[in-house]
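Student: how would this look folded up:
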Amino acid sequence: MTPLEDAQTFVLGSCPPRAPVTVGFADAEGLVLADTVVATEQVPPFDNTAVDGYAVHAADLAGAANAPVELPVVGEVAAGAYTDHVLRRGEAIRIMTGAPIPAGADAVVMVEDTERVGDDRVRISAEVEVGAAVRGAGDDVQPGDVLFEPGTLVTPAIVGVLAAVNAREVSVHPRLRVAVMSTGDELVEDGRPLAPGEIRESNRRMLAGALRATGCEVVDLGIVRDDEDELERVLRSAAGECDAIVTSGGVSMGDYDVVKAVLGRIADMTWMQIAIKPAKPFAFGTIHGTPVFGLPGNPVSSLVSFEMLARPALRRMMGHARLARPSLVAVADEALARRPDGKVHLMRVVTEFADDGRCHVRSVRAQGSHQLAATAMAGGIAIVPDGDGIPAGADVAVLLLGP
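Tutor: Residues are numbered from 1 along each chain as shown. Next comes the predicted model:
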């Protein structure tokens with residue numbers, strides 16, 4: 001059997017990052033930067049106020065906390081506006097959050113500490129220091145600042161920064177178009193009652209969701225019946241139009257399946273028996289350079305092999321620096337029992353952070369490779385080495401599947 005680490009190395013080595021493309025900053029969200037982003041403008045572009053209030057000379061308010069000070073209001077500045085009045089000692093200008101600080105002013109007093117007196121005067125009952133509530137030009141970003149390095153995932157906040165510094169276009173690794181399909185005359189998805197021998201299609205729906213959660217654009221090829229000519233046509237078409245293909249079923253040793261037969265004929269495939277449970281059978285190859293991930297047909301095995309092998313490779317193709325799920329050392333609240341069999345067991349577990357600040361796990365109970373309903377509630381995958389398992393209260397390595 002192939003060690004998991006060797007299989008992962010083989011697959012990752014065959015899935016290099018896609019060539020970068022240039023996109024508008026608003027279209028970069030969810031993609032990975034392929035080049036450094038350097039600021040060409042300062043943020044904020046001018047001194048502005050952090051609060052609604054009055055622009056003043058701080059020295060004019062000395063002692064105002066004990067004896068309020070009245071000042072004439074000589075103007076007003078809203079956000080997006082500007083005044084060319086130079087504030088003199090003994091004057092105040094009404095100012096709104098984000099508006100430019102008038103020349104001559106060195107502080108802003110909050111409106112909550114003021115009381116308007118008539119139409120043109122203000123009574124101020126607080127002292128302020130020089131610079132109070134003033135956001136200096138460039139105190140967030142200066143021209144020449146390195147903002148983001150290659151490999152950075154573009155989040156909504158990063159989109160905001162790109163907009164703020166006028167980075168209209170950025171270089172990113174493109175989102176993958178990944179084809180997903182299911183095969184078999186026994187599969188049903190139209191909701192009708194099942195005939196003898198039929199099963200409801202679920203793997204394709206599950207994998208499509210997993211692909212979308214990975215950041216891929218899904219191309220749903222539907223159900224392809226057990227016809228080699230039709231399957232070959234669909235696979236060749238997908239290889240020409242998509243960046244990768246995901247199938248499930250027909251990869252076990254000794255299986256005769258149309259997927260295995262066709263892929264064996266038109267693709268450069270490697271068929272593996274990986275030393276893990278579940279998800280031992282796995283296939284990987286290419287059709288004219290397009291990666292093909294052949295996942296096992298049992299739904300839990302299909303999901304686990306996607307997590308351990310396909311997902312990291314797809315993330316690498318999209319330029320991600322972190323390929324695997326976040327991992328931590330958790331506490332087993334109950335024994336995670338197993339028998340020695342030469343494999344690493346990937347046990348699905350319920351995860352919970354307790355008052356001790358640590359993640360605690362327990363088995364989802366049903367660990368069969370066909371028991372997806374139980375696995376659907378798992379928050380992590382516990383890595384249980386070959387042997388007799390993990391005793392209750394012991395540490396165990398866990399990959400976290402969600403937030």
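Student: where does the stretch 101-250 of the chain dip in pLDDT?
Tutor: Along the stretch 101-250 of the chain, the model assigns pLDDT under 70 to no residue.
Student: and Val304, how far from Ala382?
Tutor: Going from Val304 to Ala382 by C-beta to C-beta, to the nearest Å gives 12 Å. All C-beta spots, glycine's among them, are computed from the backbone N, C-alpha and C.
Student: shared neighbours of these two, anything?
Tutor: With contacts taken as C-beta atoms under 8 Å, 6 or more residues apart in numbering, Val304 and Ala382 have Leu346, Arg348 as neighbours in common.
Student: how about residues contacting the strand or helix carrying Val234?
Tutor: If you go by DSSP states H and E, Val234 is part of helix 228-241. For helix 228-241, contacts defined as C-beta under 8 Å, 6+ apart pick out 177, 179, 181, 183, 219, 221, 224, 245, 258-259, 261-263, 265-267, 287-288, 290, 292.
Student: pull out the buried residues from that helix.
Tutor: Buried residues in helix 228-241, counted by 16 or more other C-beta atoms under 10 Å: Leu231, Glu232, Val234, Leu235, Arg236, Ala238, Ala239.
Student: out of those residues, give me the two with the largest separation.
Tutor: Leu231 and Ala239 (12.4 Å; C-beta to C-beta).
Student: for the helix or strand hosting Val178, which strands pair with it and how are they oriented?
Tutor: Here Val178 sits within strand 177-183, counting by DSSP H and E. Here strand 177-183 has these sheet partners by DSSP bridges: strand 217-224 (parallel), strand 244-248 (parallel).
Student: can you tell me which of these is packed in deepest?
Tutor: Most buried of the strands paired with strand 177-183, by mean neighbour count (mean count of other C-beta atoms under 10 Å): strand 244-248, with a mean of 27.
Student: next, the angle helix 228-241 makes with it.
Tutor: For strand 244-248 against helix 228-241, the angle between stretch directions is 150 degrees (axes from the mean of the first three to the mean of the last three C-alpha atoms, to 10 degrees).
Student: gap between the very next helix or strand once past strand 244-248 and the chain center?
Tutor: The element immediately downstream of strand 244-248 (helix or strand, assigned by DSSP H and E) is helix 258-266. Relative to the chain's own centre, helix 258-266 is displaced by 34 Å; criterion: C-alpha atoms, centre = their mean, to the nearest Å.
Student: got a list of contacts for helix 258-266?
Tutor: By C-beta under 8 Å, 6+ apart, helix 258-266 touches 183, 226-228, 231-232, 235-236, 247, 249-251, 269, 271, 283, 285, 287, 292, 294.
Student: the domain parsing of this structure - what is it?
Tutor: Taking automatic domain parsing as the criterion, the chain consists of the domains 4-17+177-317, 21-43+140-173, 48-135, 327-400.
Student: now do the last one, average pLDDT.
Tutor: Meaning domain 327-400. In this model, domain 327-400 has an average pLDDT of 95.
Student: ok, now stretch 302-318?
Tutor: The average pLDDT within stretch 302-318 is 97.
Student: pairing partners for the helix or strand just after the strand holding Val178, with directions?
Tutor: Per DSSP H and E, strand 177-183 leads on to strand 187-188 as the next helix or strand towards the C-terminus. In the sheet, strand 187-188 lines up against strand 199-200 (parallel) (DSSP bridges).
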